[in-house]
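Give me the fold of what follows.
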Amino acid sequence: MWVQHAMKDRYPPSAVVLIFSNSASVGTHLTLVTVTLIDKIRPKDGEIVDQVLYWLKIYFNDVQAINHTFMPSLCPSAGANTNFRTQVCQVLSKNVGPGKTVSYSELASMLNKPNAARAVGTAMANNPIQLIIPCHRVIRNDLSLGSYVRGQSVKMWLLKHEGVKLAANNKVLPVPGAKKRPTKTVVLP
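Coordinates of the predicted model:
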């Protein structure tokens, strides 16, 4: 059973459409179009819907608290996720919090696959759970925003909402005092 739930909020300039299965959130879609679909069908177990709505409320009201908020149950097999794509999403979610960005190649290095920047880009382009899996935090090496499936204006809004500073040319401004962007290798099970 698929469920769609739309959440309109005065904070983002967009609507968030959530798609649920019986056991997990399997997708989010951000769009600048106002969505009026609300509680069309609700799953028998509303716990996952409640988890995601609570997470979104925290994200849009106190984004810095999101790292201390229980992550909604997610369906790792949603879409065409491969094991590598799942690893990319897990490492990104756990290591790149609000207000921070990471380049495609830095994220590949964190996975101990320094030549896999394009594969990271493919994983981000196919991320079915945008926002919760924060693919908007992945940028190019030259600090330009790069692509975003919901458009650059949504990516810019999300990054600014999280406290990322952008230059007039829409490049991410380096953090004052930071000499080099940190990259750490993450040990995967």
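
who does the biggest helix by length in the chain touch, helix- and strand-wise?
Longest helix in the chain, counting residues (DSSP state H): helix 47-61. Applying 3 or more Cβ pairs under 8 Å, 6 or more residues apart in numbering; DSSP states H and E, one finds that helix 47-61 contacts strand 3-7, strand 15-20, strand 25-31. Quick note: C-beta positions are derived from backbone N, CA and C, even for glycine.

how about the following helix or strand past that helix: buried residues?
For helix 47-61, the succeeding helix or strand toward the C-terminus, using DSSP states H and E, is helix 83-95. By neighbour count with 16 or more other Cβ atoms under 10 Å, helix 83-95 contains the buried residues 85-93.

my guess is residue 126 contacts residue 85, does it?
Yes - using Cβ atoms under 8 Å, residue 126 is in contact with residue 85, at 6.6 Å.

picking that back up, okay, buried residues for the longest helix of the chain please.
48-49, 51-53, 55-56, 58-60.

Which residues does stretch 167-177 contact?
With Cβ atoms under 8 Å, 6 or more residues apart in numbering as the test, stretch 167-177 has contacts from 101, 139, 142-145, 152, 156, 159, 164-166, 181.

about what we covered before: mind putting the buried residues of helix 83-95 into JSON lines with pLDDT and distance to residue 113?
Output for these, formatted as JSON lines (pLDDT from 0 to 100; distance: Cβ to Cβ, whole Å):
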{"residue": "85", "pLDDT": "87", "distance to residue 113": "12"}
{"residue": "86", "pLDDT": "85", "distance to residue 113": "14"}
{"residue": "87", "pLDDT": "89", "distance to residue 113": "9"}
{"residue": "88", "pLDDT": "92", "distance to residue 113": "9"}
{"residue": "89", "pLDDT": "88", "distance to residue 113": "14"}
{"residue": "90", "pLDDT": "86", "distance to residue 113": "14"}
{"residue": "91", "pLDDT": "92", "distance to residue 113": "11"}
{"residue": "92", "pLDDT": "93", "distance to residue 113": "14"}
{"residue": "93", "pLDDT": "88", "distance to residue 113": "17"}
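
and the longest helix of the chain, C-alpha only, in CSV?
The C-alpha trace of helix 47-61 is given here as CSV (Å, rounded to 0.1, in the frame of the first residue of the first chain):
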residue,chain,number,x,y,z
GLU,A,47,4.1,5.4,13.5
ILE,A,48,6.3,5.9,10.5
VAL,A,49,4.3,8.8,9.3
ASP,A,50,4.5,10.3,12.7
GLN,A,51,8.2,9.8,12.9
VAL,A,52,8.8,11.5,9.5
LEU,A,53,6.4,14.4,10.3
TYR,A,54,8.1,14.9,13.7
TRP,A,55,11.5,14.8,12.0
LEU,A,56,10.3,17.4,9.4
LYS,A,57,8.9,19.6,12.1
ILE,A,58,12.3,19.6,13.9
TYR,A,59,14.1,20.2,10.6
PHE,A,60,12.1,23.3,9.7
ASN,A,61,11.9,24.7,13.2
